[in-house]
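Q: Can you look at this prediction? I've put the sequence above it.
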2 protein chains.
Amino acid sequence: MKLKLKKEDLNKGLQAVHRIAQLSNTELHTQSGFLIKAVSEHIEFQANGFDMAIRIHVPGIIEEKGEAYIANPYLTELTRRLPGDEIEMIKQNGDTQLLLKGGKLKFECLTINPDDFSEVDVVNSGQVQFTTDSITLKDLIEHTAFACSTDTVRPIFSGTYLDVSGTTINMVATDTHRLAYKSASLEKPVDQPFKAVIPSRLLAEISRHLPTDIPEMVDIILLRNSLAVTFTNVYMKTRLIEGEFPDYHRVIPSQFSCVATVNRQEFTNAVERASLIAKDAGYNVIDFMVTNESINMTSQNPDYGTIADSVPCQAIGDPLHIALNGKLLLDLLKHCEADDVVLKLGENKPVLVQNKDDNNCLFVVTPMRTK
Amino acid sequence: MKLKLKKEDLNKGLQAVHRIAQLSNTELHTQSGFLIKAVSEHIEFQANGFDMAIRIHVPGIIEEKGEAYIANPYLTELTRRLPGDEIEMIKQNGDTQLLLKGGKLKFECLTINPDDFSEVDVVNSGQVQFTTDSITLKDLIEHTAFACSTDTVRPIFSGTYLDVSGTTINMVATDTHRLAYKSASLEKPVDQPFKAVIPSRLLAEISRHLPTDIPEMVDIILLRNSLAVTFTNVYMKTRLIEGEFPDYHRVIPSQFSCVATVNRQEFTNAVERASLIAKDAGYNVIDFMVTNESINMTSQNPDYGTIADSVPCQAIGDPLHIALNGKLLLDLLKHCEADDVVLKLGENKPVLVQNKDDNNCLFVVTPMRTK
């Protein structure tokens, strides 16, 4: 194998496979590697783990075809720091060393027999498939996946629910205390509705790779126990979580006795302050009193004292008192973007939080019981 | 007590005492607090620990004199986030609560009986005293203290040596594998020479507070077992480490068989790259071959391979081969600033590293024995 690449292209490939090799495998040394393959017109990088797999190709000059299987956690970092912009990679036939040259640096990198690498299968068709664009998909993921549970006891809640039917794509994640929902439209309807639960950390990894400068086409294929995503120069595959995701329509409240509109930044700042002393006292409880003109909040800590604060709001309905976990509320507010957010409330009922004038993205937080 | 302060002034005071209360005490809750005292024209903050103490005063309006002893680790963070620029602090006589008001926020902060706080003694004279300026002192500290040992077995090496005589002030720190030395001049000579070893982490804390916009006068007073530093609005005191610091003059080499001048950034980058794979293999050994035109280096790792790299240099003397610990060398190079650094070498002898044309700041690193 003899290759010439731009440093930034080599970096792109290495970074992508490096993260997935690390994410997927932490035990066996020989499994945490990746394959560099130059047999067609592209230089391809592959990492294949239990959870997730990736193929990514980058431009470069292939002077001699070949492949190399490398398990070196420092190669990405080294490549990032290489002098010079043109990198050469040379591996003689039958040799176990890959020579990497940049500027005056020469790295004789040890490699593994490429026959030991199990290549990433590419599937071109599955049970269901549809097309969306990279910006829409990234937006869906980033507004939902964060709300999943990090608890491994109930795996279903560590995933993000993908619910597609007709021209509607919904994503939902919940840790049972809070829920995030986002909806978008497809240009072409799917043949049949489908549902899948994708591990949120793997979905976040897909999101990292989605281009957002301009919307690129993303093909999504659902297989029996995995999901494949193809866009630009990347092919990624993730396993699915088995089990039944709870009916999220039942969790999102629809009847309210009080609806309050409040400046997002002002409200977030006040909740952050109130949460400062509350977080050290059990469940980070903040008491909210919503009146027609203001949201008044108090938090207390037996060791430090009591904070009372207030932000102006416009509310319709009955004044209402409710206790919420400050951290959960802040997590949701962080994923709102509008100048104003709307809180929709009912006595002892889950609270709906959303950007003003946007019903495609909804957040729900369960109230806390107080004395 | 009734005070009105600008938020930034309150922050300055709180941040200073907060860090020292935390640095000095980690166990007893009641000891990790600080005192706010408003009895003269200034508002003063005090923290008093076993290791280190601070008094800092900030401007503000004292409408009613008084004091408050507070042990609340979140107060600094809360104050930083307060709405509004004008902060009010009110404590009724005999009350245990301090009311803190900013914007619409009210914090009823619990306090401790101020009689339980042992105030920081201010000493105005000691065995020896001298005056320098804040920029010179900060420069001395930042070029030496880092090189101390983090090992607590031999406490003397966890400190930085202060060696003052005539109009010369020297600071030295070493962990026995590397040494950092910096020298500066005093305007007025000291009455008698003196030596002291100051815990490096406390010295670094003093350095944080030293103003560097313009040189401010710093008074330093040496007591039997502590050192007091006074500048602008701050008074700080630190304990000293007992014991004899080794004779650093003997450690700094003075005879060399080879002197090489090299571009600092190019050399640092190359050492960083070579260190990447070496750090995972035992002692981070990098082999250097210094010739008249270049410094060639190699590093290896049995799992990953071998790196060979080279940077141009101008050398006088005999070509020389030496093995150094990459991390130790990088630590020293990070504290050089000149475009070019000079390496002064002898066969199997400690290596002297310094900025070109600067003999006031010297770094030494001990070579490694290789097969």
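A: Arrived safely, thanks for sending.

Q: the bottom helix or strand of chain A by mean pLDDT?
A: The least trusted helix or strand in chain A, going by mean pLDDT, DSSP states H and E, turns out to be helix A:7-24, with a mean of 87.

Q: residues of that helix that come out buried?
A: Neighbour counts over helix A:7-24 (16 or more other CB atoms under 10 Å in any protein chain shown) mark A:7, A:10-21, A:23-24 as buried. (Glycine included, C-beta is placed from N, CA and C.)

Q: Can you tell me the SS state at A:Thr152?
A: Under DSSP: H, G, I helix; E, B strand; the rest coil, the three-state class of A:Thr152 is coil.

Q: Kindly report the same for A:Ile141.
A: Under three-state DSSP, A:Ile141 falls in the helix class.

Q: Up against chain B, what does chain A have?
A: Within chain A, the positions near chain B by CB under 8 Å from any CB of the partner chain are A:72, A:74-75, A:77-78, A:81-83, A:97, A:104-110, A:269-270, A:272-273, A:276-277, A:280, A:303-311.

Q: can I see the domain layout of chain A?
A: Per the record, chain A has its domains at A:2-116, A:128-250, A:252-365, by automatic domain parsing.

Q: Now do the end-to-end distance for the last one.
A: Taking CA to CA, to the nearest Å, the first and last residues of domain A:252-365 lie 9 Å apart.

Q: Please report the distance of A:Asn93 from chain B.
A: Distance of A:Asn93 to chain B, computed by CB to the nearest CB, to the nearest Å: 18 Å.

Q: A helix includes that residue, no?
A: No: counting by three-state DSSP, A:Asn93 is not part of a helix but coil.

Q: State the phi and psi torsions of it.
A: Main-chain torsions, A:Asn93, degrees, to the nearest 10: phi -60, psi 130.

Q: ok now do the closest residue to it other than its chain neighbours, which residues does it touch?
A: Excluding its sequence neighbours, the residue lying closest to A:Asn93 (CB to CB, 6 or more residues apart in numbering or on different chains) is A:Gly66, at 7.5 Å. Applying CB atoms under 8 Å, 6 or more residues apart in numbering or on different chains to A:Gly66 gives the contacts A:1-2, A:38-39, A:91, A:93.

Q: Now a ChimeraX select for only the buried ones of those residues.
A: Those of those that count as buried under 16+ other CB under 10 Å are selected in ChimeraX with:
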select /A:1,2,38,91
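
Q: Specify which member of the contacts of A:Gly66 is nearest to chain B.
A: A:Lys91 (12.1 Å; CB to the nearest CB).

Q: wait, isn't A:Asp318 in contact with A:Ala260?
A: No: with contact defined as CB atoms under 8 Å, A:Asp318 does not count as touching A:Ala260 (11.2 Å).

Q: any idea which strand is longest in chain A?
A: In chain A, taking DSSP state E as the definition, the longest strand is strand A:305-317.

Q: which helices and strands does it pack with?
A: Judged by 3 or more CB pairs under 8 Å, 6 or more residues apart in numbering or on different chains; DSSP states H and E, strand A:305-317 is in contact with strand A:258-263, helix A:264-278, strand A:294-301, strand B:105-110.

Q: What is the subsequent helix or strand relative to that strand?
A: strand A:320-325 (DSSP states H and E).

Q: Spit out the contact partners of A:Tyr69.
A: A:Tyr69 is in contact with A:33-35, A:111-114, A:116-117, counting by CB under 8 Å, 6+ apart.

Q: Tell me, how many residues neighbour the nearest residue to A:Ala338 once chain neighbours are set aside?
A: Closest residue in space to A:Ala338, ignoring its immediate chain neighbours: A:Asn355 at 3.7 Å, by CB to CB, 6+ apart. Neighbourhood size, A:Asn355 [other CB atoms under 10 Å in any protein chain shown]: 20.

Q: do you know how far A:Asn355 is from A:Thr268?
A: Distance, A:Asn355 to A:Thr268, by CB to CB, to the nearest Å: 13 Å.

Q: Ok, A:Leu210 next?
A: Going from A:Leu210 to A:Thr268 by CB to CB gives 27 Å.

Q: for A:Asn325, same thing?
A: Relative to A:Thr268, A:Asn325 is positioned 15 Å away (CB to CB).

Q: Same check on A:Leu186?
A: In this view, A:Leu186 and A:Thr268 are 33 Å apart by CB to CB.

Q: do the same with A:Asp357
A: Distance, A:Asp357 to A:Thr268, using CB to CB: 19 Å.

Q: re earlier: more neighbours: which of A:Leu210 and A:Thr268?
A: A:Leu210 (23 against 19).

Q: Tell me which stretches of chain A form helices.
A: If DSSP state H is used as the criterion, the helices of chain A fall at A:7-24, A:75-80, A:134-142, A:200-209, A:248-251, A:264-278, A:326-334.

Q: name the helices or strands packed onto the first one?
A: Contact analysis of helix A:7-24 by 3+ CB pairs under 8 Å, 6+ apart lists strand A:34-38, strand A:43-48, strand A:52-58, helix A:75-80, strand A:86-90, helix A:200-209 as its packing neighbours.

Q: that older thread, are any of the residues of chain A next to chain B buried, and if so which?
A: Buried, going by 16+ other CB under 10 Å: A:72, A:74-75, A:77-78, A:82, A:97, A:105-110, A:269-270, A:272-273, A:276-277, A:304-311, out of the residues of chain A next to chain B.

Q: what's around A:Asn113, how many residues?
A: 9.

Q: what pairs with the nearest residue to it once chain neighbours are set aside across the strands?
A: Distance criterion CB to CB, 6+ apart; nearest residue to A:Asn113, sequence neighbours excluded, is A:Tyr69 at 6.7 Å. Beta bridges link A:Tyr69 to A:Leu35, A:Ile112, judged by DSSP bridges.

Q: I'd like the distance between A:Tyr69 and chain B.
A: Distance, A:Tyr69 to chain B, by CB to the nearest CB: 14 Å.

Q: again with A:Leu362
A: Distance of A:Leu362 to chain B, given as CB to the nearest CB: 28 Å.

Q: shouldn't A:Gly84 be in contact with A:Gly103?
A: Yes: between A:Gly84 and A:Gly103 there is a contact at 3.8 Å, judged by CB under 8 Å.

Q: In terms of neighbours, single out the busier of those two.
A: Neighbours were counted for A:Gly84 and for A:Gly103 using other CB under 10 Å; A:Gly103 has more, 19 against 12.

Q: per-residue pLDDT, that one?
A: pLDDT recorded at A:Gly103 is 93.

Q: That one and A:Leu82 touch, don't they?
A: Yes: at 6.6 Å, A:Gly103 and A:Leu82 qualify as touching, with contact defined as CB under 8 Å.

Q: sorry, back to before: which one of the helices and strands packed on strand A:305-317 lies nearest to B:Gln255?
A: With CB to CB as the criterion, B:Gln255 lies closest to helix A:264-278 of the helices and strands packed on strand A:305-317, at 60.1 Å.
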